[in-house]
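K.L.:
Coordinates for the following, if possible.
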Amino acid sequence: MKKILLITGAILCLLGLLAAGSAYYILFAPNTQNTENVIVTVPRHATLADVMDAFDNQEILKNENTFGLAVKIMRFKTMRCGKYPVEADMDNYHLIRMLRAGQHYPVKFSFNNIRTMRQFVDHVGNRFFFEPKELASLLLDPDFLQKYNVTPATVPTLFIPNTYEIYYDVTPEEFVEKLHSYTNHFWNARRKALADSIGLTPAEVATLASIVEEENYRPAEKAIIAGLYINRLKKGMLLQSDPTVKYALHDFTRQRILNSDLQVDSPYNTYKYKGLPPGPIRIPEASTMDSVLHYRHHNYLYMCAKEDFSGYHNFTASAAEHSHNAARYRAALNKQNIKR
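P.N.:
Presented below is the predicted three-dimensional model:
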């Protein structure tokens, strides 16, 4: 009897070792056949079948059966979306551990000097799990935009340039909401009251700030330029802002605006249409919006770039003096042979 027990014990021990060896093989034997690292995309709300399809499409696994067994051994149930780097000769254990961890990690996202939503989408690029085309489509979706009471023209007012920390696996909707939450924080009760005292909505402040910033991004002049345009708005004058013409022409590289350019028929052409354009011509900085809210009070109605090409301007309340300033600037352009 003792002998039988010893034999039975030995057999069970051997079977245990064989089982342990099999489990070790299932988990830790290399099971990827790609010879270099590849990216496998796991879609949102994926099932195990979706993950297997993603692996199958790129011919990742050597043995799908051992991967399925490893899933059971490791009790892997929750599939997390992401774009996963699969290494050559990766084993099932590390593959599953990577998938289980997911990609819910923070990404530093910064932006500035953005003029159009196309530039914005291109700048976002592939920094997050969603595709750029998803964000582009969302920013044109009337139902989505209605949630924020904006139009395709005023979408830029949802955002303020800064550095943000956003999780990689956000949806496009969550991405927009995250950035907009900071914009909401900027537009506190004090700033809203200041905008109201000027007779502008927050969106109109952003639109005017975008023009100011295109005229001169330097802090020294921004509040002066804002005051000039507010003076014009109050008098019902055309804003006659060259940057709005450049925006209408889709060409910000121009150094010189010609009379023929002023004929472009666009609601953004402030030489033809009174008031502010339909929306911002860039995404303005918070500091520029504050320059509008705290604009400089003066009687200036005209501005012209200085002929020294310093980026600064000559300001005046006199149309005659403005004509002299403009003539000097045109002469400087001619001297430099700048025609556009």
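
K.L.:
could you point out where the stretch 101-250 of the chain is predicted with low confidence?
P.N.:
For the stretch 101-250 of the chain, no stretch is flagged by pLDDT under 70.

K.L.:
Which stretches in it count as strands?
P.N.:
Counting by DSSP state E, counting those that start in this stretch, the stretch 101-250 of the chain has strands at residues 106-111, 162-167.

K.L.:
Pipe these into JSON lines and attach distance to residue 292 and mean neighbour count per row.
P.N.:
In short, each C-beta sits where N, CA and C put it, glycine included. Compiled in JSON lines, the strands of the stretch 101-250 of the chain are given as follows (distance: least, CB to CB, whole Å; neighbours: other CB atoms under 10 Å):
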{"stretch": "strand 106-111", "distance to residue 292": "20", "mean neighbour count": "13"}
{"stretch": "strand 162-167", "distance to residue 292": "18", "mean neighbour count": "14"}
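
K.L.:
Tell me which of these sits nearest to residue 293.
P.N.:
Residue 293 lies closest, by CB to CB, to one member of these: strand 162-167, at 17.6 Å.

K.L.:
Each with direction, which strands does that closest one pair with?
P.N.:
According to DSSP bridges, strand 162-167 forms sheet pairs with strand 106-111 (antiparallel).

K.L.:
Now the strand it pairs with - C-alpha only, CSV.
P.N.:
What follows is strand 106-111, C-alpha atoms only, in CSV (Å, rounded to 0.1, in the frame of the first residue of the first chain):
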residue,chain,number,x,y,z
PRO,A,106,-1.5,61.6,-19.8
VAL,A,107,-0.2,63.4,-22.9
LYS,A,108,1.2,67.0,-22.8
PHE,A,109,-0.5,68.9,-25.6
SER,A,110,0.5,72.4,-26.4
PHE,A,111,-0.6,74.7,-29.2
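
K.L.:
got a list of contacts for that strand?
P.N.:
Strand 106-111 has contacts (CB atoms under 8 Å, 6 or more residues apart in numbering) with 120, 123-124, 127-128, 159, 161-168, 283.

K.L.:
of these, closest to residue 64?
P.N.:
Nearest to residue 64 among the contacts of strand 106-111, counting by CB to CB, is residue 168 at 27.9 Å.

K.L.:
doesn't residue 292 fall inside a strand?
P.N.:
No: assigned with DSSP: H, G, I helix; E, B strand; the rest coil, residue 292 falls outside any strand and is helix.

K.L.:
list the contacts for the residue nearest to the spatial centre of the chain?
P.N.:
For the chain, residue 124 is the residue whose C-alpha lies nearest the centre (CA atoms, centre = their mean; 4.3 Å). Neighbour list for residue 124: 109, 111, 132, 135, 175 [criterion: CB under 8 Å, 6+ apart].

K.L.:
From those residues, pick the one nearest residue 29.
P.N.:
Residue 29 lies nearest to residue 132 out of the contacts of residue 124, by CB to CB, at 38.6 Å.

K.L.:
count of residues packed around the closest residue to that closest one other than its chain neighbours?
P.N.:
Leaving out its chain neighbours, the residue that sits closest to residue 132 by CB to CB, 6 or more residues apart in numbering is residue 121, at 5.2 Å. Residue 121 has 19 neighbours, counted by other CB atoms under 10 Å.

K.L.:
hang on, residue 121 packs against residue 139?
P.N.:
Yes: with contact defined as CB atoms under 8 Å, residue 121 counts as touching residue 139 (7.2 Å).

K.L.:
Quick one: end-to-end length of stretch 149-162, please.
P.N.:
From its first residue to its last, stretch 149-162 covers 23 Å (CA to CA, to the nearest Å).

K.L.:
Confirm residue 308 sits in a strand?
P.N.:
No: Residue 308 sits outside any strand when classified using three-state DSSP, being coil.

K.L.:
mind starting the numbering at 378 from now?
P.N.:
Sure thing, new numbering starts at 378, so read that last one as residue 685.

K.L.:
how close does the closest residue to it other than its chain neighbours get to residue 628?
P.N.:
The spatial neighbour of residue 685 that comes closest, neighbours along the chain excluded (CB to CB, 6+ apart), is residue 709 at 7.7 Å. To residue 628, residue 709 is 21 Å away according to CB to CB, to the nearest Å.

K.L.:
between these two, which one's more packed in?
P.N.:
residue 709 (15 against 11).
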